[in-house]
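**Student:** Show me how the following folds:
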Amino acid sequence: MEENKTFEDYLTELEGVLKALENREISLEDAVKGYTRGLELSKKCYEILNNNEQLVVTKMTEAGLEPFNTQGNN
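**Tutor:** Below is the predicted model of the structure:
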């Protein structure tokens, strides 16, 4: 079930897809399917990371701490 997967599950699957795409023996059709799945997995990973970042910022704010800069600007 997709909804029970963890970040680590998605990342492991993404690594497998990338490894398969690096194989020069893969067909074009399989490469396109892999690329599409890789995009889906990468989106899931981003969403999980973003949600957890927001949770940390919320907890920091609730604790009276100043949230860290997530945009990379100092």
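
**Student:** alpha carbons only for contacts and neighbour counts from here, please
**Tutor:** Noted.

**Student:** Quick one: end-to-end length of stretch 14-32, please.
**Tutor:** This stretch, stretch 14-32, spans 14 Å end to end (CA to CA, to the nearest Å).

**Student:** Would you mind listing the buried residues in it?
**Tutor:** For stretch 14-32, burial by neighbour count (16 or more other CA atoms under 10 Å) applies to 14, 17-18, 20-21, 31.

**Student:** With respect to residue 56, which of those residues is nearest?
**Tutor:** Set against residue 56, the nearest of the buried residues of stretch 14-32 by CA to CA is residue 14 (25.0 Å).

**Student:** thought that closest one was touching residue 38?
**Tutor:** Yes - counting by CA atoms under 8 Å, residue 14 does reach residue 38; the two are 5.7 Å apart.

**Student:** residue furthest from the geometric center of the chain?
**Tutor:** residue 64 (29.3 Å; CA atoms, centre = their mean).

**Student:** Check the secondary structure at that residue for me.
**Tutor:** With DSSP: H, G, I helix; E, B strand; the rest coil as the basis, residue 64 sits in coil.

**Student:** Can you read off the pLDDT for it?
**Tutor:** The model reports residue 64 with a pLDDT of 90.

**Student:** and the residue most central in space within the chain, helix, strand or coil?
**Tutor:** Centroid-nearest residue in the chain, with CA atoms, centre = their mean: residue 45, separated by 1.6 Å. Assigned by three-state DSSP, the conformation of residue 45 is helix.

**Student:** Give me the spatial nearest neighbour of it, chain neighbours excluded.
**Tutor:** residue 7 (5.9 Å; CA to CA, 6 or more residues apart in numbering).
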